[in-house]
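Student: okay, predicted coordinates and the sequence, questions at the end:
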Amino acid sequence: MAPGVASNGIYSATYSGVPVFEFNVEGNHVMRRRRDHYINATHILKVADYDKPARTRILEREVQKGAHEKIQGGYGKYQGTWVPLREGRLLAERNGVIDKLRPIFDYVPGDSSPPPAPKHTTNSNKPKIPKAPNNKKIPKPKVKPTYSQLSEDYDNISTQLHDDDSQDNSTIASASFMDEDDRYVGSQYDQHSRKRKRGQDVLEQQHMLYADELLDYFMLSTSDAPLLHLAPPVPPEPFEINRPIDDQAHTALHWGAAMGDIDIVRFFIERGASLFARNKRGETPLIRAVLFTNNYEKETMPKLVQLLISTIREQDNHGGTILHHIAMTTNSLAKKRCARYYLDIVLNKMAEVCTPQEFTRLVNLPDASGDTALHIVGRHNAKKCIRALQGRGVRGDLENGNGETADRIIQGQRAIRQDFVSSSPLPDFGATNGHELVKASKAGPASHYHSQSARSFSQSFGEMAQDKSLQVALAYDSEIKQKDDDLEEGQRLVQNVDHQLHSVRQGIFRHLQEGTDSYDNEEEEHRLREEERRLTTESESLSEQIQHKELHHAVRSEEQALPPSAHRKPNGTMSNDHELEEQKNAALALAEQQNKRRKLTSAVVVAQGAAGMSGHGETLKQLVSSTCGVPIDEVSALAPELLEELQQSKMEVGTEVAALA
């Protein structure tokens with residue numbers, strides 16, 4: 001056997017001044033302390049091939065409830081959660097890796113110590129030729145991820161923010177515990193290169209320690225019992241602000257945005273953090289933020305979007321925009337309300353910073369699979385998000401890579417829902433309202449029949465009729481609830497459109513007040529007028545839809561209040577001339593009222609759009625009108641001349657004051 005090679009794979013090593021036994025399993029180092037035989041549970045879970053969110057859950061739910069010791073800081077590979085050897089063996093058995101780890105569990109220390117770990121052996125003072133890095137694991141071929149593959153990340157949003165044990169995939173280099181190929185810089189091994197490398201090691205260690213402190217700050221700030229007045233760590237000087245701080249290549253700004261910590265986001269931006277930094281999946285800090293609920297819970301999303309607004313058009317490695325990522329979070333029922341909140345804010349901000357043509361392009365942009373955001377929310381049956389996108393003009397007729405359109409997906413989901421409602425077992429109404437309906441039907445008139453067949457027929461017919469009536473009631477209740485939801489969503493969309501219409505009109509008025517420069521830009525003025533007309537038409541359409549639903553409810557209520565005979569005449573009976581005349585007059589009156597309602601709707605939309613002008617602006621217009629003796633309607637056209645005259649008067653007064661001085 002070659003010297004320094006253990007027959008059982010057990011080596012001795014010292015990390016952070018602590019002697020351990022070390023066992024290498026498929027590139028994963030599993031450590032067991034010599035003094036008390038505690039074993040690293042984090043290493044065991046790595047051998048079981050769990051990712052960090054999964055390791056975190058297992059450590060919190062299973063391991064850290066018993067005897068354990070959590071080590072952070074010091075040499076990177078020594079970090080982790082340490083448990084007694086017996087508990088570690090049980091953990092390995094539960095996760096199916098006991099056979100792989102049996103040598104380290106069964107090892108009994110003897111008189112002689114195991115050989116040192118290979119990377120700590122020193123043969124001579126003669127420098128060695130640097131070796132190429134030895135990848136212990138054969139990398140798997142990289143496949144471009146799809147959103148279905150990434151959905152697990154979105155399901156585990158809360159656990160992704162908590163790492164298991166700081167940075168266990170990164171090690172802090174030191175003079176004693178560097179890999180062989182880390183000991184050399186360039187091809188010359190001299191005193192100068194050693195000093196330069198030592199300086200780099202110190203800077204590297206400072207960066208790693210700050211990254212650990214920063215991750216601890218983020219995790220503590222979101223724990224169930226957050227510390228009061230918890231201050232973020234102070235970065236070292238100099239600090240590479242855009243350097244990744246975890247193994248997914250997230251920067252400090254990614255974490256700050258995802259946590260909804262506006263103060264620290266501003267801090268990083270002021271220090272030069274790149275808003276366009278990307279993690280391994282190509283996600284910017286703004287995209288990363290919508291995958292978490294922190295900005296929803298803290299109501300900080302508007303401020304965050306304003307800070308990162310320049311990245312709102314960016315796409316990830318899969319071609320997904322921020323809208324795709326918001327849409328993907330709707331696969332969880334608990335996050336649909338959060339997704340709608342994010343969607344409203346992002347769409348409003350997009351409409352503010354993008355031209356109408358660019359806005360239309362962004363909201364209809366497909367990802368690498370051909371899916372638009374509407375495809376995804378339709379697939380998840382997120383009704384309010386569907387209506388929000390449709391209300392913004394997102395097309396439903398675009399086909400994805402599988403030839404599916406969003407409209408067909410949405411229709412398919414509705415059909416599935418209807419089939420489910422019609423075929424689902426009826427609820428136990430007797431348990432909820434205290435009436436035993438089925439038992440009552442059985443105990444009713446069936447007991448008055450003398451023959452068994454009559455009793456059986458009566459009983460079965462009563463149950464069947466009752467089941468049908470309950471199905472009708474359930475379907476009607478579901479339809480009413482759907483109509484109420486539609487009405488609520490329509491009112492919300494009207495409010496959004498009114499807000500946009502008001503903003504456009506305010507912009508037009510602002511341009512008119514700025515002077516002649518506004519008139520020179522005829523193209524901009526034309527665009528604003530077109531946008532105003534478009535929003536006015538859209539607002540009128542939405543108002544019509546809301547009124548249609550309200551009228552529909554009112555008509556249904558009136559019809560249900562009428563007796564059944566009012567809906568039909570006896571066979572062979574014809575309406576007389578008097579009745580026909582009454583019907584004609586009623587129809588004409590109805591048409592007149594409908595025309596009046598449409599005119600009032602248009603007037604309301606115009607009034608809502610101009611609501612911002614009814615305060616201070618209108619008072620100023622009246623003041624100018626009375627002072628200059630011009631009609632109030634001509635004040636806006638007179639604004640450039642008034643502005644020029646005021647500026648000229650100001651210059652003349654300034655000249656006179658200077659002359660007197």
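Tutor: Great, that's in hand. Numbering: from 1, shown residues only.
Student: per-residue confidence averaged over stretch 239-250?
Tutor: In this model, stretch 239-250 has an average pLDDT of 85.
Student: nope, stretch 212-232 is what I meant
Tutor: Averaging pLDDT along stretch 212-232 gives 63.
Student: just the terminal-to-terminal distance for stretch 234-248.
Tutor: Across its full length, stretch 234-248 reaches 23 Å between end residues, using C-alpha to C-alpha, to the nearest Å.
Student: quick check: buried residues in that stretch?
Tutor: Buried positions in stretch 234-248, judged by neighbour count with 16 or more other C-beta atoms under 10 Å: 235, 239, 241, 244, 245, 246, 248. Quick note: C-beta positions are derived from backbone N, CA and C, even for glycine.
Student: likewise for stretch 277-287?
Tutor: 277, 278, 279, 281, 282, 283, 284, 285, 286, 287.
Student: what's the answer for stretch 48-63, then?
Tutor: In stretch 48-63, counting by 16+ other C-beta under 10 Å, buried: 48, 50, 51, 52, 53, 54, 55, 56, 58, 59, 62, 63.
Student: again, but for stretch 251-271
Tutor: The neighbour-count check on stretch 251-271 (16+ other C-beta under 10 Å) flags 251-262, 264-265, 267-269 as buried.
Student: what about that stretch, start to end distance?
Tutor: 13 Å.
Student: repeat that for stretch 368-376.
Tutor: End-to-end distance of stretch 368-376 (C-alpha to C-alpha): 13 Å.
Student: got a list of contacts for that stretch?
Tutor: 144, 146-147, 318-321, 323-324, 326-328, 330, 363-366, 386, 389-390, 394-396, 398-402, 404, 406, 409 (C-beta atoms under 8 Å, 6 or more residues apart in numbering).
Student: hmm, back to that, adding pLDDT, secondary structure and distance to residue 306, write the buried residues of stretch 48-63 out as CSV.
Tutor: Output for those, formatted as CSV (pLDDT from 0 to 100; DSSP: H, G, I helix; E, B strand; the rest coil; distance: C-beta to C-beta, whole Å):
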residue, pLDDT, secondary structure, distance to residue 306
48, 91, coil, 44
50, 88, coil, 38
51, 82, coil, 34
52, 78, helix, 31
53, 74, helix, 30
54, 81, helix, 35
55, 86, helix, 36
56, 81, helix, 32
58, 88, helix, 39
59, 87, helix, 38
62, 88, helix, 43
63, 89, helix, 42
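Student: just send the buried residues of stretch 234-248 back as a markdown table, with distance to residue 84 and secondary structure too.
Tutor: Shown next, in a markdown table, are these (distance: C-beta to C-beta, whole Å; DSSP: H, G, I helix; E, B strand; the rest coil):
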| residue | distance to residue 84 | secondary structure |
| --- | --- | --- |
| 235 | 38 | coil |
| 239 | 39 | coil |
| 241 | 42 | coil |
| 244 | 35 | coil |
| 245 | 32 | coil |
| 246 | 29 | coil |
| 248 | 32 | coil |
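Student: from those residues, which is closest to residue 488?
Tutor: Distances from the buried residues of stretch 234-248 to residue 488 were compared by C-beta to C-beta; the smallest belongs to residue 248, at 38.9 Å.
Student: quick check, residue 277 in a strand?
Tutor: No. Counting by DSSP: H, G, I helix; E, B strand; the rest coil, one finds residue 277 to be coil, located in no strand.
Student: how near is it to residue 538?
Tutor: Residue 277 sits 37 Å away from residue 538, going by C-beta to C-beta, to the nearest Å.
Student: ditto for residue 347
Tutor: Between residue 347 and residue 538 the distance is 14 Å, computed by C-beta to C-beta.
Student: try residue 328
Tutor: Relative to residue 538, and taking C-beta to C-beta, residue 328 is found at 28 Å.
Student: quick one, helices of the stretch 201-350 of the chain?
Tutor: According to DSSP state H, counting those that start in this stretch, the stretch 201-350 of the chain carries its helices in the segments 252-259, 262-270, 285-289, 294-298, 301-307, 322-328, 336-353.
Student: format the ones you listed as a markdown table; extra columns: distance to residue 29.
Tutor: Putting the helices of the stretch 201-350 of the chain into a markdown table (distance: least, C-beta to C-beta, whole Å) gives the following:
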| stretch | distance to residue 29 |
| --- | --- |
| helix 252-259 | 27 |
| helix 262-270 | 34 |
| helix 285-289 | 31 |
| helix 294-298 | 34 |
| helix 301-307 | 40 |
| helix 322-328 | 36 |
| helix 336-353 | 40 |
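Student: right, and these - which one's nearest residue 601?
Tutor: Between residue 601 and these, the shortest separation by C-beta to C-beta is 23.2 Å, and it involves helix 336-353.
Student: what is the closest one packed up against?
Tutor: In this structure, helix 336-353 packs against helix 294-298, helix 301-307, helix 322-328, helix 356-363, helix 383-391, helix 452-513, with contacts taken as 3 or more C-beta pairs under 8 Å, 6 or more residues apart in numbering; DSSP states H and E.
Student: now residue 386. Nearest residue, chain neighbours left out?
Tutor: Distances taken as C-beta to C-beta, 6 or more residues apart in numbering place residue 377 nearest to residue 386, at 5.3 Å, with adjacent residues excluded.
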